[in-house]
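K.L.:
based on what follows, work out the 3D shape:
(one chain, ligands or ions: 1)
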Amino acid sequence: MAAYAFFHGKFVPLAEAKIGIMTHAFNYGTACFEGIRGNWNNEEKQIYLFRARDHYQRLVNNCRILKISIPYTIDELCRLTVELVEKNGYREDIYVRPIAYKSSEVVGVRLHDLEDDFLIFVTPFGPYLDIANGVRCCVSSWRRIDDNMIPPRAKITGLYVNSALAKTEAVDNGFDEAIMLTHDGHVSEGSGENIFLVMAGKLVTPPPSDNILIGITRDTVIKLANRELGIETIERQIDRSELYIADECFLTGTAAHVTPVLEIDHRNIGNGQVGTISKKLQDLYFNVVQGKNKKYLDWCTAAYKKRVKT
Ligand code: PMP
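P.N.:
Numbers count the residues shown, from 1 in each chain. Below is the predicted model:
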């Protein structure tokens with residue numbers, strides 16, 4: 001099956017979507033990107049794109065920070081994405097990666113007087129972390145970069161060196177994922193996930209001012225917890241030591257979905273098993289993202305007009 005990308009304003013075979021080695025974004029990390037999940041629903045033989053509009057709204061906002069202009073409206077971006085997913089025709093979970101980037105082939109560190117371009121590619125993408133059995137985390141020796149260094153809310157490609165340093169350090173040390181602290185030592189987030197604690201029956205999660213990416217999965221979980229389970233979320237600064245005494249902990253993200261955390265820095269979280277609230281939220285979330293919960297269908301965009309043949 002041929003894979004396609006949206007590149008230079010049209011749909012082209014993925015193999016032909018290449019950028020030049022002098023491209024500004026490649027040299028200096030001057031791009032904003034998104035990650036959108038397409039979740040395969042096997043009963044309906046359908047892929048549901050989850051909260052695509054919200055992802056594109058975040059991208060368009062973030063592009064203002066990097067002075068990148070995207071020549072499409074949010075509706076057009078959603079339509080292009082559906083068309084690209086249809087063209088690719090995958091019958092499994094996928095990941096959609098839109099990138100808005102500084103495309104001039106020129107040397108010079110700046111944001112002004114540069115051309116912009118926009119592309120999208122799609123790739124099959126199974127579970128990113130062990131969602132069923134949970135993961136073991138460490139607190140990273142790498143601190144989360146601050147809003148007035150490179151804004152973490154902006155999902156800037158160059159910023160992800162910070163996450164990559166933390167992730168590889170964690171894996172090299174035998175853990176699955178890193179939890180980064182802010183410059184002043186408060187809990188921020190994972191390398192590609194937001195973090196939640198369960199404490200005394202409530203969810204606790206760091207606020208945007210603690211240099212997190214304001215996750216769409218984070219928002220989804222806060223809403224599902226409130227509406228479906230009557231569980232309140234408190235956004236507040238979290239001390240490192242609170243990680244060790246929480247009843248439950250889980251990570252959220254487009255790639256990570258809702259991933260239970262069983263251990264942090266060699267200390268069991270709760271009884272060291274997948275927590276009951278984490279599990280309930282995970283089940284609710286999977287139903288919603290696969291388009292199986294009628295109440296939340298407006299968060300899901302069906303990518304295929306017709307049932308695809310299997
Ligand atoms: N934090 C970081 C650093 C991320 O890269 C991601 C993934 N986009 C998230 C949190 C989760 O955000 P979302 O739920 O919107 O995917």
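K.L.:
helices of the stretch 151-300 of the chain, start to end?
P.N.:
Counting by DSSP state H, counting those that start in this stretch, the stretch 151-300 of the chain has helices at residues 160-172, 216-229, 240-245, 276-289.
K.L.:
out of those helices, nearest to V187?
P.N.:
Nearest to V187, of all the helices of the stretch 151-300 of the chain, is helix 240-245, at 6.3 Å by C-beta to C-beta. (C-beta placed from N, C-alpha, C; glycine too.)
K.L.:
what sits up against that closest one?
P.N.:
139, 179, 181, 185-187, 197, 199, 204, 249, 264-265, 267, 269 (C-beta atoms under 8 Å, 6 or more residues apart in numbering).
K.L.:
which bits of this structure sit near the ligand?
P.N.:
35, 163, 189, 192-194, 213, 215-218, 252-254 (C-beta under 6 Å from any ligand atom).
K.L.:
tell me which of the contacts of helix 240-245 is nearest to the ligand?
P.N.:
I179 (11.3 Å; C-beta to the nearest ligand atom).
K.L.:
ok, now which ones touch the residue nearest the centre of the chain?
P.N.:
When C-alpha atoms, centre = their mean is applied to the chain, the residue found nearest the centroid is T254 (3.9 Å). By C-beta under 8 Å, 6+ apart, T254 lies in contact with G35, I36, R37, F50, H55, Y95, G215, I216, T217.
K.L.:
of the residues you listed, select the buried ones using a PyMOL command.
P.N.:
This is the PyMOL syntax for the buried subset of the contacts of T254, where burial follows 16 or more other C-beta atoms under 10 Å:
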select buried, resi 35+36+37+50+55+95+215+216+217
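K.L.:
save the contacts of T254 as CSV, and put in pLDDT and distance to F118 too.
P.N.:
CSV is the format used below for the contacts of T254 (pLDDT from 0 to 100; distance: C-beta to C-beta, whole Å):
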residue, pLDDT, distance to F118
G35, 98, 15
I36, 98, 14
R37, 98, 20
F50, 98, 21
H55, 98, 14
Y95, 98, 17
G215, 98, 22
I216, 98, 20
T217, 98, 24
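K.L.:
picking up where we left off before, of all the contacts of helix 240-245, which two lie farthest apart?
P.N.:
Among the contacts of helix 240-245, G185 and I269 lie farthest apart (C-beta to C-beta), at 19.7 Å.
K.L.:
what's around N133, how many residues?
P.N.:
11 (other C-beta atoms under 10 Å).
K.L.:
check which residues of stretch 277-287 are buried.
P.N.:
Neighbour-count burial for stretch 277-287 [16+ other C-beta under 10 Å]: I277, S278, K279, K280, L281, Q282, L284, Y285.
K.L.:
off-centre distance for that stretch?
P.N.:
The chain centroid and the centroid of stretch 277-287 are separated by 17 Å under C-alpha atoms, centre = their mean, to the nearest Å.
K.L.:
and that stretch, C-alpha only, in PDB?
P.N.:
Extracted in PDB, the C-alpha atoms of stretch 277-287 (Å, rounded to 0.1, in the frame of the first residue of the first chain):
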ATOM      1  CA  ILE A 277      -9.500   5.300  39.200                       C
ATOM      2  CA  SER A 278      -6.700   5.200  36.600                       C
ATOM      3  CA  LYS A 279      -8.300   2.000  35.200                       C
ATOM      4  CA  LYS A 280     -11.800   3.500  35.100                       C
ATOM      5  CA  LEU A 281     -10.500   6.600  33.300                       C
ATOM      6  CA  GLN A 282      -8.500   4.600  30.900                       C
ATOM      7  CA  ASP A 283     -11.600   2.400  30.000                       C
ATOM      8  CA  LEU A 284     -13.800   5.500  29.600                       C
ATOM      9  CA  TYR A 285     -11.200   7.200  27.500                       C
ATOM     10  CA  PHE A 286     -10.700   4.300  25.100                       C
ATOM     11  CA  ASN A 287     -14.400   4.100  24.500                       C
END
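K.L.:
isn't T81 up against F118?
P.N.:
No: between T81 and F118 there is no contact under C-beta atoms under 8 Å: 11.5 Å.
K.L.:
sorry, back to before: TSV for the contacts of T254, including distance to E228?
P.N.:
Below are the contacts of T254 laid out as TSV (distance: C-beta to C-beta, whole Å):
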residue	distance to E228
G35	25
I36	23
R37	20
F50	17
H55	22
Y95	26
G215	18
I216	17
T217	15
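K.L.:
noted, bye for now.
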